[in-house]
Each structure stands twice: as structure tokens, then as C-alpha cells.
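# I need the structure of the sequence given here:
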Amino acid sequence: MWDPVIGLEIHVQLNTKSKIFSPASTDFGSDQNTQACAIDLGMPGVLPVLNEEAVKMAIKFGLAIGANISDNSIFARKNYFYPDLPKGYQISQYEIPIVEGGSINIIIDGQTKTINITRAHLEEDAGKSIHDLYPNETAIDLNRAGTPLIEIVSEPEMKSAAEAVQYLKNIHSLVRYLGISDGNMQEGSFRCDANISLMKKGSEVLGTRAEIKNINSFKFVENAINHEIQRQSDILDNGDNVKQETRLYDPSKDETRSMRSKEEANDYRYFPDPDLLPVSITSKLIEDIKSNMPELPSTKKDRFKAQYKLNDYDIDILTNNRELSEYFEKTIEGTDLNAKTTANWIITEVLALANKKNIGVSEYPVSYKNLKNLLSNVQSEVISSKQAKDVFERMWNNGEDAQYIIENEGMKQISDTDELNKIVDNIIKNNYKSVEEYQNGKDKLLGFFVGQVMKETKGKGNPKLINEILKVKLKK
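Sure, this is the predicted structure:
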């Protein structure tokens, strides 16, 4: 009876060393209220100065989504009163944002869908209200005040929580590829507001929307949207009207709750900031930035499919993170390593331990060079895949070199056919009854013979070669 209509406003913290209008540091984790200077606090007599790097990062994002870059962009004051907004207004962009238009493609159930982007504008972040530090009191930390953000506003074109989450993930991957944000959701570097409404099936009239503020994980976005769709559906089914309001998502209760009535643009009394000049962006600057753009996720996915013949699942995982895709390519570079085998190792072994330890690619204790060495030993059958997993665990835990472990522990496989033939002949001679059973159709006994040879070689026999020799010698 009801069709959801969803739009996202994504707030991306830019990777600048200083704030958007002041020289104060943007480092995360400092003591409360130690990184807010007089400009961030709006003290009398101070003037904001625009951070050029923030502008370049916004342009880079605009180019990546195929948007129009405004040659003249202006900043405005967005007026509202909240304890963590020290100036009583937020410097943002309203009438002429730096980025207009553009789009992102998502894949849902094997189908490609284009989500159009309305705008992406620069703005400063507010501080942070902390409600659980003192009983019955709210503490204010202004370290984030003035931190540079781009706010990415989509068209209301998503029809499900799954579409919204995929769009969010694609934006997250893109800003990290571009190097304009670390995308750390736990630290607040990447968060979103979700606008949700319902309209009657077959209708083109949008329903009343509710906005869910500051959701900071993909799972919470999915849960919050699904909960809000159900909440609005129940209201409409009962013949009541949905209120236009701002709501918060409570993950502990898996519900949204009302925060305040939803403001319209005129409630914020936007007007051009008199302390900031219009931003003039030249075509030369845009061309310079364009010429230094990295390979984007969508392009890399197509290349991985053509160059490495990987399946969509492997490609999605490897290309979701720019550093991980580079780790894969550096591992395989200059070798004849099988791409699928290398991808499997990185996804099932490397990522498994990295996720367990919650570390990024730059922190991996096993370098791509060391992994390359290990996999080369497997491919050339110096060690078996099973042995390689033991070696890899030692490499990860102790930082040891693959070659050192293999040689020091005497792990090289026995691939000498003369030696293996002698061992196989002896085992066949001592197990004549099992040989007869195998030759009479009990094929599963091949595993028994392989096990006996592996036991005799103390696990060092080349399993592939042992299987080949046994199959020849066990024939009638």
C-alpha cells in the first residue's frame, strides 16, 4: 500500500590538518576543548580564513561523481541556537554550493541503479554534546567545532534500506579512494541523516518526511530506516498523519524517537557570510585536480574483471578499499601467481586476521612482499597449502619471513618422484588387502593410502604428486 521514498544527507569530514576557517588542529582524540581556537569560538574581533585544501577536496569529489563545479561559490550563515554551536550560527553553503549535480551507481539484486546527487557543499562542523558524563547535566566538547565537512545531499530516489546502505557504502568507498576522508565512522568522520517518507503505491505525491539524525554505522542506517518505514506505515494505516520532525535512532532499543519539529530552510535565516569573500574557482585549478585523480572504484572493478578474471564477490571485497586493492596488486605484480588463488588468500586468511585485530592495511604485520614469497612457495609446490597456513600464522604473529620459517623448520615438500615411488611401493606391499578392496571399487580407500604416505614422509610429501603416483600404481 505504501512506497518508501528515501534521501540521504552524508557528512564527510575532510582530511585536512587544520580546520576549515582556522589553523586549529583536526587531530582526533585530544583532551576536551583543547583544539578550539578563538576563531572556532567566534570571539569578538576574529575573522575566518578559508582552508584552500578543503576547497580542492570538494572539487575532487565533484569531479569523481561527474558534477558541475561552481566557478563562483559563496558561504552563508545558517542560524540556530544549540549549546555545541558556539557562534550561534554555522558557516555553510546555501544558494551556490561548490558542487551541483552528479550521480553514483549502485548494484541491487544484480541490477544497476543510478542515484542522482543534488549537491555537495562545504561547511564547518559543530561541537559535541556529551550527555552521560555528569548526572543530570550536559557537557560540551568544542574540539570538533570548525572541522571541515562536505555535506552530500542525494535526490529522494532510494526505495529501500538496502538501496540506501549500498549508496552509503559506495560514497564511503569513493571518499576514501580519493583520499579526502578517512571515513572513520566510529570517530564521526562519516555519518548521515536519513530523510524518509511514504507515498501511496502508484502515486507521485510525496508524503510527509521525518529526518533521522547522525547515524554512524551501515547497520544502524539499515535498522533505522526499516524501523521508520514500519512506524510511518502503522500511522498511515490507522488513518493518522505523519508529523514532519527530526528523530534520533536508539540502537539499544532499535527504535527512533522524536527530537524536535523539522526546520525548513527559512527557519535558519540563511544570509551570505559578510566575513568571507566569494570563492572563485578557475578552470586551470579544476584541470590540475582532474589530472591527478586516482583510479576510481567503478573503473577499478571493471579492470579487475578484465585483467584478473575474478568473480564479482572477490572484486567487490578487494576494490572496496583502495589500500587493499593495492596490496593485492603489489602481491601479484611481477609474478606468475594465480590471481584467484591470491585473492582467496587475501580474503580468507589476511582479512580474517585483520578483522579479528581490527587493523587497517597499513598496519598489516605481513607485507605484500612477504605474502608474495609465501604464495610463490605454494605455487611452486615447495610447501603445501596446509603448511602455508601454519607459516602465515607465524608470519602474522611474530613478523618472521616466510623463507626463513620454511627453511629453518625444514618444511620443504618431498617432490622427489624416486623417493615417493619407493615409499608408495612399500605401503602397497604392506596393505595388499586394502589394495584389493580399492581395485574392486572402494575408491574412498585412496585417502587411506595418501594418509599412509604422508605419515611416512612426516607430512612433507607432495600431496598432488602422491595422488598421481598412487592412482597409477593402484590400477589393476
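
# Remind me what the helix or strand containing residue 171 packs against, helices and strands.
Assigning secondary structure by DSSP states H and E places residue 171 in helix 161-178. For helix 161-178, the helices and strands in contact under the criterion 3 or more C-beta pairs under 8 Å, 6 or more residues apart in numbering; DSSP states H and E are strand 2-13, helix 52-64, strand 103-108, strand 111-124, strand 190-200, helix 218-237, helix 297-308. All C-beta spots, glycine's among them, are computed from the backbone N, C-alpha and C.

# residues making contact with stretch 245-253?
The contact list for stretch 245-253 (C-beta atoms under 8 Å, 6 or more residues apart in numbering) reads 210-215, 220, 223-224, 227-228, 255-263.

# Ok, which of the helices and strands packed on helix 161-178 comes nearest residue 96?
Residue 96 lies closest, by C-beta to C-beta, to one member of those: strand 111-124, at 8.9 Å.

# residues of that closest one that come out buried?
For strand 111-124, burial by neighbour count (16 or more other C-beta atoms under 10 Å) applies to 113, 115, 117, 118, 119, 120, 121, 122, 123, 124.

# Who does the first one form a beta bridge with?
Taking DSSP bridges, one obtains residue 106 as the residues bridged to residue 113.

# measure it to residue 325 for me?
With the distance defined as C-beta to C-beta, to the nearest Å, residue 113 ends up 24 Å from residue 325.

# Same check on the second one?
Using C-beta to C-beta, residue 115 is found at 23 Å from residue 325.

# And the fifth one, by the same measure?
Noted for residue 119: a distance of 29 Å to residue 325, by C-beta to C-beta.

# what's around residue 150, how many residues?
The number of residues packed near residue 150 is 26, by other C-beta atoms under 10 Å.

# quick one, what contacts it?
Contacts were defined as C-beta under 8 Å, 6+ apart; by that measure residue 150 touches 11, 12, 14, 57, 58, 61, 99, 120, 121, 122, 123, 180.

# shouldn't the second one be in contact with residue 185?
No - in this structure residue 12 lies outside contact range of residue 185 using C-beta atoms under 8 Å: 10.8 Å.

# which of those two has more neighbours?
Set side by side, residue 12 and residue 185 show more neighbours around residue 12, with 27 against 18, by other C-beta under 10 Å.

# what about the chain, any weak spots by pLDDT?
In the predicted model, the chain carries pLDDT under 70 at residues 262-266, 413-416, 419, 476.

# Closest to the centroid, which residue in it?
With distances taken as C-alpha atoms, centre = their mean, the chain has residue 173 as the residue nearest its mean C-alpha position (5.0 Å).

# residue contacts, it?
Contacts for residue 173 (C-beta under 8 Å, 6+ apart) come out as 297, 319, 320, 321.

# quick one: which of these has the most company?
In terms of neighbour count, residue 319 stands highest of the contacts of residue 173 at 25 neighbours, by other C-beta under 10 Å.

# for that residue, what are its contacts?
Residue 319 sits next to 173, 297, 300, 301, 304, 325 when contact means C-beta under 8 Å, 6+ apart.

# any idea how far residue 404 is from it?
33 Å.

# try residue 357
As judged by C-beta to C-beta, residue 357 and residue 404 stand 23 Å apart.

# Between the two, which is the more surrounded one?
Neighbours were counted for residue 357 and for residue 404 using other C-beta under 10 Å; residue 404 has more, 14 against 11.

# A helix includes the more buried one, no?
Yes - residue assignment for residue 404, taken from DSSP: H, G, I helix; E, B strand; the rest coil, places it within a helix.

# Just put the contacts of residue 319 in a markdown table and tack on distance to residue 49.
As requested, the contacts of residue 319 are arranged in a markdown table below (distance: C-beta to C-beta, whole Å):
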| residue | distance to residue 49 |
| --- | --- |
| 173 | 32 |
| 297 | 34 |
| 300 | 37 |
| 301 | 40 |
| 304 | 43 |
| 325 | 37 |
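
# Out of the residues you listed, which is nearest to residue 163?
Distance ranking of those against residue 163, using C-beta to C-beta, places residue 173 first at 15.8 Å.

# How many neighbouring residues does residue 206 have?
Here the number of neighbours of residue 206 (other C-beta under 10 Å) works out to 11.

# And it, its phi and psi?
Main-chain dihedrals, residue 206, degrees, to the nearest 10: phi -70, psi 140.

# Could you do residue 68 as well?
When read as degrees, to the nearest 10, the backbone of residue 68 gives phi -90, psi 130.

# what pairs with it across the strands?
Residue 68 has the following beta-bridge partners by DSSP bridges: residue 100.

# is it true that it touches residue 100?
Yes - in this structure, residue 68 sits in contact with residue 100. The criterion is C-beta under 8 Å, and the distance is 4.8 Å.

# Compare neighbour counts for these two and give me the winner.
residue 100 (17 against 13).

# Is it correct that the more buried one is in contact with residue 93?
No - because the distance of 10.5 Å does not satisfy C-beta under 8 Å, residue 100 is recorded as not touching residue 93.

# Residue 331 belongs to a strand?
No - the assignment for residue 331 by three-state DSSP gives helix, which leaves it out of any strand.

# can you list the domains in the protein?
Segmentation of the chain into domains, based on automatic domain parsing, reads 2-285, 295-408, 417-473.

# Tell me how many other residues crowd residue 92.
Using other C-beta under 10 Å, residue 92 has 19 neighbouring residues.

# what's the nearest residue to it if we skip its chain neighbours?
Once its chain neighbours are removed from consideration, residue 92 has its nearest residue in residue 123; the separation is 3.7 Å (C-beta to C-beta, 6 or more residues apart in numbering).

# wait, doesn't the one you found sit right on residue 149?
Yes - with contacts defined as C-beta under 8 Å, residue 123 counts as touching residue 149 at a distance of 5.3 Å.

# Give the residues shared as contacts by those two.
residue 20.

# so where do the strands sit in the stretch 201-350 of the chain?
When assigned using DSSP state E, counting those that start in this stretch, the strands of the stretch 201-350 of the chain occupy the ranges 210-215, 245-250, 255-261, 271-272, 279-280.

# okay if I get those as JSON lines plus distance to residue 471 and mean neighbour count?
JSON lines is the format used below for the strands of the stretch 201-350 of the chain (distance: least, C-beta to C-beta, whole Å; neighbours: other C-beta atoms under 10 Å):
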{"stretch": "strand 210-215", "distance to residue 471": "58", "mean neighbour count": "20"}
{"stretch": "strand 245-250", "distance to residue 471": "61", "mean neighbour count": "17"}
{"stretch": "strand 255-261", "distance to residue 471": "62", "mean neighbour count": "14"}
{"stretch": "strand 271-272", "distance to residue 471": "82", "mean neighbour count": "14"}
{"stretch": "strand 279-280", "distance to residue 471": "74", "mean neighbour count": "14"}
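
# Kindly present the ones you listed as CSV, with separate columns for distance to residue 381.
Formatted as CSV, those follow (distance: least, C-beta to C-beta, whole Å):
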stretch, distance to residue 381
strand 210-215, 50
strand 245-250, 54
strand 255-261, 57
strand 271-272, 71
strand 279-280, 61
